[in-house]
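[1] Next comes the sequence, and after it the predicted model I'd like to discuss.
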Amino acid sequence: MVGMDTGSLLQEVLGRARALAPTVVDGLDEEELARPPRPGANPVAWLVWHQARVMDDHVADAAGLEQVWTSPVDGGPSWADRFALDLPPEDTGYGHGPEQVARVRASADLLAGYADAVGARTDEVVAQLSPEDLDRVVDEAWDPPVTYGVRLASVASDCLQHLGQAGYARGLLGR
């Protein structure tokens, strides 16, 4: 990675989530995806959905764009409509308890499709960022204020942790 600029590095790291999501859900049916590895634990479906929602929410907000979740897909229904979850459209899963977690039910194809669409959007956004963009403050609610670069690093960390948890939860399903 000698000579790699910060934007390329961020693309590489964020792209790892895009590549991992479909492998975590591949071959699992909706019941397996929704089954917690133990009572009160997060199932694979929720973990994959949540990591994509967080990436979508944070990247769209920092870039001033509509989220992939609520945007029409190829002139058809949005991802939010396709999932048809019993949750508000702005929900990302942050702070969910077991009852809300259980509402996230979807097929492997739907989960992988949404995660891929979010990954593609993220790649497009990050590819256009300049070093100055990465230093721009995007959230003043923290001390110190959060820059675009720090926000993207946080998203990458959060998403990769959740996908690691999803892979572990998948292994506990006993397949």
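    Nice, I can see it.
[2] In which helix or strand does Asp123 reside?
    helix 108-127 (DSSP states H and E).
[3] Not counting the helix or strand where Asp81 lies itself, show me its contacts.
    Assigned by DSSP H and E, Asp81 belongs to helix 79-83. Identification of contacts with helix 79-83 by C-beta atoms under 8 Å, 6 or more residues apart in numbering yields Trp49, Val68, Trp69, Thr70, Ser71, Val73, Pro89, Ala106, Leu110, Gly113, Tyr114, Ala117. (C-beta placed from N, C-alpha, C; glycine too.)
[4] Which one (most neighbours) among the residues you listed?
    The most crowded member of those, judged by other C-beta atoms under 10 Å, is Trp49 (31 neighbours).
[5] name the element that residue belongs to?
    Using DSSP H and E, Trp49 falls in helix 44-63.
[6] That helix packs against which elements?
    Helix 44-63 is packed against helix 6-25, helix 30-34, helix 108-127, helix 148-172, with contacts defined by 3 or more C-beta pairs under 8 Å, 6 or more residues apart in numbering; DSSP states H and E.
[7] can you rerun that using 10 Å?
    helix 6-25, helix 30-34, helix 79-83, helix 98-102, helix 108-127, strand 137-139, strand 146-147, helix 148-172 (3 or more C-beta pairs under 10 Å, 6 or more residues apart in numbering; DSSP states H and E).
[8] for the second one, which positions count as buried?
    By neighbour count, with 16 or more other C-beta atoms under 10 Å as the criterion, the buried positions of helix 30-34 are Glu32, Leu33, Ala34.
[9] residue ranges with poor pLDDT in the chain?
    By pLDDT under 70, the low-scoring segments of the chain are 1-4, 175.
[10] Find the nearest non-adjacent residue to the spatially most central residue of it, please.
    Centroid-nearest residue in the chain, with C-alpha atoms, centre = their mean: Ala52, separated by 1.6 Å. Of all residues not flanking Ala52 in the chain, Ala115 sits nearest, at 4.3 Å (C-beta to C-beta, 6 or more residues apart in numbering).
[11] Distance-wise, check that neighbour relative to Gln161.
    Taking C-beta to C-beta, to the nearest Å as the measure, Ala115 falls 15 Å from Gln161.
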